[in-house]
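J.: okay, predicted coordinates and the sequence, questions at the end:
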Amino acid sequence: MTQRILIIEDEPDITEVLKYNLEKNHYQVATAGTGEAGLAAARESLPDLLLLDLMLPGMDGLEVCRKLREDPRTRDLFIIMLTAKGTEADVVVGLTLGADDYIVKPFSTTELMARIKAVLRRVEQRDGEPQGKDLLRCGPIHIDLQKHEATINGEKLELTLSEFKLLSFLLRRKGRVFTRDQLLDAVVGPDVFVTARNIDVHVAALRKKLGKLGSYIVTVRGVGYRFEES
């Protein structure tokens with residue numbers, strides 16, 4: 001089944017390059033040049049993935065993302081943000097609003113296509129429901145949420161509660177970038193007053209216990225972390 005991608009971008013040259021390369025890779029592509037038009041198109045067609053520019057005329061990309069996540073019909077759409085250099089703060093806001101990934105302009109077509117394929121693999125996994133509700137798997141890593149147990153090749157990992165929560169949260173959302181604040185909320189809750197950098201301590205400890213598989217937890221410079229099978 002052909003996967004559908006919606007490009008919301010106001011620069012015609014960029015839109016044309018994106019459309020050409022996506023169609024060459026056998027994706028079905030629709031485009032919109034404003035935030036308002038893109039929001040309407042996403043609600044109407046429910047694409048598999050959105051490529052969403054942050055700097056749009058009228059309604060900007062952050063507002064589009066926020067509205068999509070608030071709408072029950074579109075809240076699960078996968079979103080990759082397109083952002084110019086020097087807008088790190090906007091990237092963090094976008095990820096907090098629920099974007100799944102981001103790529104900085106100017107970008108290489110090879111990198112963009114790799115990011116798109118990685119996100120769309122998660123669409124296939126979600127639609128196919130290959131994993132039980134209480135079972136998470138990534139290569140040799142298995143997590144049983146009901147038993148509250150994590151193993152590598154069948155050998156039990158001795159994790160603290162925070163480490164178990166962190167690993168489960170990241171593995172369930174493979175490929176998606178999360179800020180330190182988001183991860184901290186997932187691990188200790190939003191009402192605990194500790195600094196976001198504390199998550200780095202949890203990540204370092206978890207990586208050590210995962211051994212060679214610690215490389216699956218990828219640092220996204222200036223933003224946070226993603227879980228990505230090497």
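T.: Received, thanks.

J.: tell me the contacts of residue 156?
T.: Neighbouring residues of residue 156 by CB atoms under 8 Å, 6 or more residues apart in numbering: 149, 150. Backbone N, C-alpha and C define where each C-beta goes, glycine included.

J.: repeat that with 6 Å
T.: Residue 156 makes no contacts at all, as judged by CB atoms under 6 Å, 6 or more residues apart in numbering.

J.: can you check residue 206 too?
T.: Listed by CB under 6 Å, 6+ apart, the contact partners of residue 206 are 163, 166, 167.

J.: pretty sure the last one sits in a strand.
T.: No - looking at residue 167 with DSSP: H, G, I helix; E, B strand; the rest coil, it is helix, so not inside a strand.

J.: where does confidence bottom out across the contacts of residue 206?
T.: Least confident of the contacts of residue 206 in the model: residue 163, at 89.

J.: name the nearest residue to that one, sequence neighbours excluded.
T.: residue 206 (4.8 Å; CB to CB, 6 or more residues apart in numbering).

J.: and what of residue 64?
T.: Of all residues not flanking residue 64 in the chain, residue 35 sits nearest, at 4.6 Å (CB to CB, 6+ apart).

J.: could you tell me what pLDDT the model assigned to that neighbour?
T.: According to the prediction, residue 35 has pLDDT 95.

J.: pretty sure it sits against residue 56.
T.: Yes - between residue 35 and residue 56 there is a contact under CB atoms under 6 Å: 4.4 Å.

J.: would CSV of the contacts of residue 206 with neighbour count and distance to residue 198 be doable?
T.: Below are the contacts of residue 206 laid out as CSV (neighbours: other CB atoms under 10 Å; distance: CB to CB, whole Å):
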residue, neighbour count, distance to residue 198
163, 21, 13
166, 25, 11
167, 26, 16
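
J.: from those, which is closest to residue 151?
T.: Proximity of the contacts of residue 206 to residue 151, judged by CB to CB, is greatest for residue 167, which lies at 11.3 Å.

J.: which residues touch the closest one?
T.: So residue 167 contacts residue 206 (CB under 6 Å, 6+ apart).

J.: chain center to the longest strand anywhere in the chain, what's the gap?
T.: Criterion DSSP state E: the longest strand present in the chain is strand 78-84. Averaging C-alpha positions (CA atoms, centre = their mean, to the nearest Å) puts strand 78-84 10 Å from its chain's average.

J.: what residues of that strand count as buried?
T.: For strand 78-84, burial by neighbour count (16 or more other CB atoms under 10 Å) applies to 78, 79, 80, 81, 82, 83.

J.: again with stretch 20-35
T.: Neighbour-count burial for stretch 20-35 flags 21, 22, 27, 29, 30, 31, 32, 33, 34, 35 (criterion: 16+ other CB under 10 Å).

J.: span of it from start to end?
T.: This stretch, stretch 20-35, spans 21 Å end to end (CA to CA, to the nearest Å).
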